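Participant: I would like to see how this sequence folds:
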Amino acid sequence: MSADPKSVKVNLSSGTGVEIAWREGHLSHYSFSFLRDACPCALCNDEREKSGREPGQPPQPRPGELPIFRQSPKPLSAEGVGKYAIKFKWSDGHELGIYSWQWLREVCPCQECRMEKGANRA
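Facilitator: Numbering: from 1, shown residues only. This is a model prediction of the structure:
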């Protein structure tokens, strides 16, 4: 699996997410809500590990807590980090996560990649 993107489209104005065409031919689509819930920064990663969530999986309400509508954070901006990553400034004020191409390729949420990951875990 190659972590070298051929092209990257960040659809900030339409709000549809990020599309990455990888050099090996695979196409990945990441919704902005998936990316925010998958933030790879140490703080978010620690919280996910403690709650047993996978990257991209939204937090569950605590026991006894009523689920309330919360607007999903949206990226206010996106910028490249060298030639190896992208980072976002989110509407909820968060901006610590650096999403490397390698990491994004590993967490691709498409059906094909999820099935492949499931087969590799078995």
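Participant: show me where the protein has strands.
Facilitator: According to DSSP state E, the chain carries its strands in the segments 5-11, 17-22, 27-30, 75-81, 85-90, 98-100.
Participant: residues contacting the third one, please?
Facilitator: What it means is strand 27-30. Strand 27-30 is contacted by residues 17-22, 38, 104-105, 108-110, 113 when judged by CB atoms under 8 Å, 6 or more residues apart in numbering. Every residue, glycine included, has its C-beta placed from N, CA and C.
Participant: quick check, residue 12 in contact with residue 75.
Facilitator: Yes: between residue 12 and residue 75 there is a contact at 6.1 Å, judged by CB atoms under 8 Å.
Participant: who has more neighbours out of the two?
Facilitator: Neighbours per residue (other CB atoms under 10 Å) separate residue 12 from residue 75, with residue 75 holding more: 21 against 15.
Participant: and the more buried one, what is it in contact with?
Facilitator: Contacts of residue 75 by CB under 8 Å, 6+ apart are 10, 12, 32, 35-36, 88-91.
Participant: output the below-cut-off pLDDT ranges for this protein.
Facilitator: Residues of the chain that meet the criterion pLDDT under 70 lie in 1-2, 61, 65-70, 120-122.
Participant: would you point out which residue is most central in it?
Facilitator: Taking CA atoms, centre = their mean, the centroid of the chain lies closest to residue 35, which sits 2.6 Å from it.
Participant: I'd say that one and residue 94 touch.
Facilitator: No: between residue 35 and residue 94 there is no contact under CB under 8 Å: 11.1 Å.
Participant: quick one on the thing from earlier: between the contacts of strand 27-30, which is nearest residue 4?
Facilitator: Comparing the contacts of strand 27-30 against residue 4 with CB to CB places residue 22 closest, at 6.8 Å.
Participant: surely that closest one is in contact with residue 8?
Facilitator: No: Residue 22 is not in contact with residue 8 according to CB under 8 Å; the separation is 9.9 Å.
Participant: who's more crowded, the two?
Facilitator: Ranked by neighbour count (other CB under 10 Å), residue 22 and residue 8 place residue 22 first, with 20 against 16.
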